[in-house]
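Trainee: Pasting a predicted model and its sequence here:
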Amino acid sequence: MSKFLPYGTQSIGADDVRAVVRALKSDRLTQGPEVERFEEAFAKFCGAPYAVAVSSGTAGLHLAALTAGLGPGDEAVTTPLTFAATANCVLYAGASPCFADVHDSDLGLDPAAVRKAVTPKTRALLPVHFAGQPNVWGAKRDFSRRPDFMVIEDACHALGAEVRSGNRWERIGSCSAADMAVFSFHPVKHVTTGEGGMVTTRDRKFYDRLRLLRSHGIERERAKFVYPGEAGAWSYEMQTLGFNYRITDIQCALGLSQLKKAPRFIARRREIASLYRKALSGVPFLSLVPESEGTRSSYHLFPVRIDFRALGLDRSSFMDALKREGIGTQVHYIPVPRQPYYRKLGFRPQNYPVAERFYSEALSIPMFPAMTDSDVRRVVRVLFKKLKRGVAR
Ligand SMILES: *Cc1c(COP(=O)(O)O)cnc(C)c1O
């Protein structure tokens, strides 16, 4: 049987292995020079002045929520069609998440639904660029007049995704329309560090705060001490309650090496997407998620919509049948309000009908840069066959 094609996976080369080995043989395994090198390269890639590397995308979301000042009594609006971590970070900060439904086209937050979800308590908006498709939501002031209203982009799907700005393209993470953007380096994302994440921002104060919170709330720079007194170079101050959300130099060496290849990875993802689009357009009961005007997706995922009900197919059996043919698929996402924990908080999935509808049809098919054209053709062939015959046998 031909090789198994997962819905997504990392691409690790000999150059990545060399970079990691070099870091392992260096003096510093953590809190060393690779961290800042990776941060600088990443900030430059996104077009933002500052980036702070952390131990995961989730840690980045948590620190971004705290840095935005979210706390008890505050509300933050996000999408039901995301990984739980997007909403969880609001709860970590002691604030209350609210969901607004997605738009049927880009599957990101629908600005009209957001406007309805915003209350005087709303302190933040957390859009997600679903599957790598930029969710263009407009300007902050369209939603709230509060000066402390923040936009935190969950950009975990969107490394290298672009939005047109005048006659140039701006990458997600440049923070030209957001206060902070959060990325993940989990192996299924565009570039990996095993586990890892990054927060980008244009605000120097946010940058300092993120760095402080990442490492126990401890300040080591004497000029910034609350009580400078007789403090020597050895001294440090714990100024706030922070965490250990640091990432290692070993991971950052891998991240740097991966980031060099990100343009190639993303270009290949776009090629695969265009092959899929050609092959799958016009297939009955199957529809594609279009690219929005003025944006370029970076295709973290390639979700298709299949009207399983009309076809009389059960999605789980369909996925099992594809798996038997060596094709991995996944469902992104079970809407967060469906999760027992969120139901207990009072959320009801039926309040987000566009997300629910998408969920009932969603199937992410293999999308990763190492896929060959013939891998893509194989996915299409098997998909056609199974759609035609169903999975009765
Ligand atoms: C991957 C992901 C996260 C979490 O990132 P981790 O690095 O796994 O903690 C958060 N939000 C979205 C949308 C993601 O895809």
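Mentor: Right, received. Where do you want to start?

Trainee: What residues of stretch 28-48 count as buried?
Mentor: Of all the residues in stretch 28-48, those buried under the rule 16 or more other C-beta atoms under 10 Å are 32, 34-35, 37-39, 41-43, 45-48. Every C-beta, even on glycine, is put in place using the N, C-alpha and C of the backbone.

Trainee: How far does it sit from its chain's centre?
Mentor: Going by C-alpha atoms, centre = their mean, to the nearest Å, the spacing between the C-alpha centre of stretch 28-48 and its chain's C-alpha centre is 19 Å.

Trainee: Repeat that for stretch 247-256.
Mentor: Shown here is stretch 247-256, whose average C-alpha point lies 19 Å from the average C-alpha point of the whole chain (C-alpha atoms, centre = their mean).

Trainee: Excluding chain neighbours, what is closest to residue 307?
Mentor: residue 285 (4.4 Å; C-beta to C-beta, 6 or more residues apart in numbering).

Trainee: Mind jotting down where the helices sit in the chain?
Mentor: 14-24, 33-46, 57-67, 84-92, 111-117, 204-214, 249-280, 308-311, 315-324, 340-344, 353-361, 373-389 (DSSP state H).

Trainee: just the angle between the first one and helix 249-280, please?
Mentor: Here the directions of helix 14-24 and helix 249-280 differ by 160 degrees (axes from the mean of the first three to the mean of the last three C-alpha atoms, to 10 degrees).

Trainee: could I get helix 14-24 in PDB with only the CA atoms?
Mentor: What follows is helix 14-24 as a C-alpha-only set of coordinates in PDB (Å, rounded to 0.1, in the frame of the first residue of the first chain):
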ATOM      1  CA  ALA A  14      19.100  17.700   7.600                       C
ATOM      2  CA  ASP A  15      19.600  21.400   8.000                       C
ATOM      3  CA  ASP A  16      17.100  21.400  10.900                       C
ATOM      4  CA  VAL A  17      18.900  18.500  12.500                       C
ATOM      5  CA  ARG A  18      22.200  20.200  12.200                       C
ATOM      6  CA  ALA A  19      20.800  23.400  13.800                       C
ATOM      7  CA  VAL A  20      19.500  21.500  16.800                       C
ATOM      8  CA  VAL A  21      22.700  19.600  17.300                       C
ATOM      9  CA  ARG A  22      24.700  22.800  17.200                       C
ATOM     10  CA  ALA A  23      22.400  24.300  19.900                       C
ATOM     11  CA  LEU A  24      22.700  21.100  22.000                       C
END
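
Trainee: Show me what counts as buried in that helix.
Mentor: Judged by neighbour count using 16+ other C-beta under 10 Å, the buried positions of helix 14-24 are 16, 19-20, 23.

Trainee: got the angle for that helix vs helix 33-46?
Mentor: Counting by the same axes, to 10 degrees, helix 14-24 lies at 140 degrees to helix 33-46.

Trainee: Name the residues that touch helix 14-24?
Mentor: Contact with helix 14-24 is made by 29, 34, 249-250, 252-254, 256-258, 260, as judged by C-beta atoms under 8 Å, 6 or more residues apart in numbering.

Trainee: Got a quick PyMOL command for the buried subset of those residues?
Mentor: Selection command for PyMOL covering only the buried members of the contacts of helix 14-24, criterion 16+ other C-beta under 10 Å:
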select buried, resi 34+249+250+252+253+254+256+257+258
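
Trainee: What is the nearest of the contacts of helix 14-24 to residue 146?
Mentor: Within the contacts of helix 14-24, proximity to residue 146 (C-beta to C-beta) peaks at residue 252, which comes in at 36.1 Å.

Trainee: you'd agree the closest one is up against residue 40?
Mentor: No. In this structure, residue 252 is not within contact of residue 40 by C-beta atoms under 8 Å, at 10.7 Å.

Trainee: Now for the nearest residue to residue 72 once chain neighbours are set aside: which residues touch it?
Mentor: Nearest residue to residue 72, sequence neighbours excluded (C-beta to C-beta, 6+ apart): residue 94, at 4.4 Å. Residues counted as contacts of residue 94 (C-beta under 8 Å, 6+ apart) are 70-72.

Trainee: rerun at 10 Å
Mentor: Listed by C-beta atoms under 10 Å, 6 or more residues apart in numbering, the contact set of residue 94 reads 65-66, 70-74.

Trainee: Among these, which one sits closest to the ligand?
Mentor: Minimum distance to the ligand across these is 12.3 Å, recorded for residue 65 (C-beta to the nearest ligand atom).

Trainee: which residues does the closest one contact?
Mentor: Shown in contact with residue 65 (C-beta under 10 Å, 6+ apart): 71, 74, 76, 88-95, 97, 123-124, 126, 150, 152, 180, 182.

Trainee: Now, the residues you listed that are in strands?
Mentor: With DSSP state E as the criterion, strands contain 76, 97, 123-124, 126, 150, 152, 180, 182 from among the contacts of residue 65.

Trainee: which residues touch residue 366?
Mentor: Contact partners of residue 366, counting by C-beta under 10 Å, 6+ apart, are 4-9, 272, 276, 301-302, 322, 326-330, 375-376, 378-379.

Trainee: Of these, keep whichever come out buried.
Mentor: The buried subset of these - by 16+ other C-beta under 10 Å - is 5, 7-9, 272, 276, 301-302, 322, 326-330, 375-376, 378-379.

Trainee: What distance do you get for the residue in the stretch 1-150 of the chain that the ligand sits nearest to to residue 340?
Mentor: Among residues of the stretch 1-150 of the chain, the one nearest the ligand by C-beta to the nearest ligand atom turns out to be residue 57. It sits 2.6 Å away. Residue 57 sits 23 Å away from residue 340, going by C-beta to C-beta, to the nearest Å.

Trainee: how about the residues of the stretch 51-200 of the chain that lie near the ligand?
Mentor: 56-58, 82-83, 85-86, 128, 154, 156-157, 184, 186, 197 (C-beta under 6 Å from any ligand atom).

Trainee: Dump the residues you listed to JSON lines, plus neighbour count, pLDDT and distance to residue 388.
Mentor: Formatted as JSON lines, those follow (neighbours: other C-beta atoms under 10 Å; pLDDT from 0 to 100; distance: C-beta to C-beta, whole Å):
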{"residue": "56", "neighbour count": "21", "pLDDT": "98", "distance to residue 388": "42"}
{"residue": "57", "neighbour count": "26", "pLDDT": "98", "distance to residue 388": "39"}
{"residue": "58", "neighbour count": "23", "pLDDT": "98", "distance to residue 388": "41"}
{"residue": "82", "neighbour count": "26", "pLDDT": "98", "distance to residue 388": "33"}
{"residue": "83", "neighbour count": "20", "pLDDT": "98", "distance to residue 388": "33"}
{"residue": "85", "neighbour count": "21", "pLDDT": "98", "distance to residue 388": "38"}
{"residue": "86", "neighbour count": "26", "pLDDT": "98", "distance to residue 388": "37"}
{"residue": "128", "neighbour count": "25", "pLDDT": "98", "distance to residue 388": "34"}
{"residue": "154", "neighbour count": "28", "pLDDT": "98", "distance to residue 388": "37"}
{"residue": "156", "neighbour count": "30", "pLDDT": "98", "distance to residue 388": "35"}
{"residue": "157", "neighbour count": "29", "pLDDT": "98", "distance to residue 388": "31"}
{"residue": "184", "neighbour count": "30", "pLDDT": "98", "distance to residue 388": "37"}
{"residue": "186", "neighbour count": "18", "pLDDT": "98", "distance to residue 388": "35"}
{"residue": "197", "neighbour count": "28", "pLDDT": "98", "distance to residue 388": "42"}
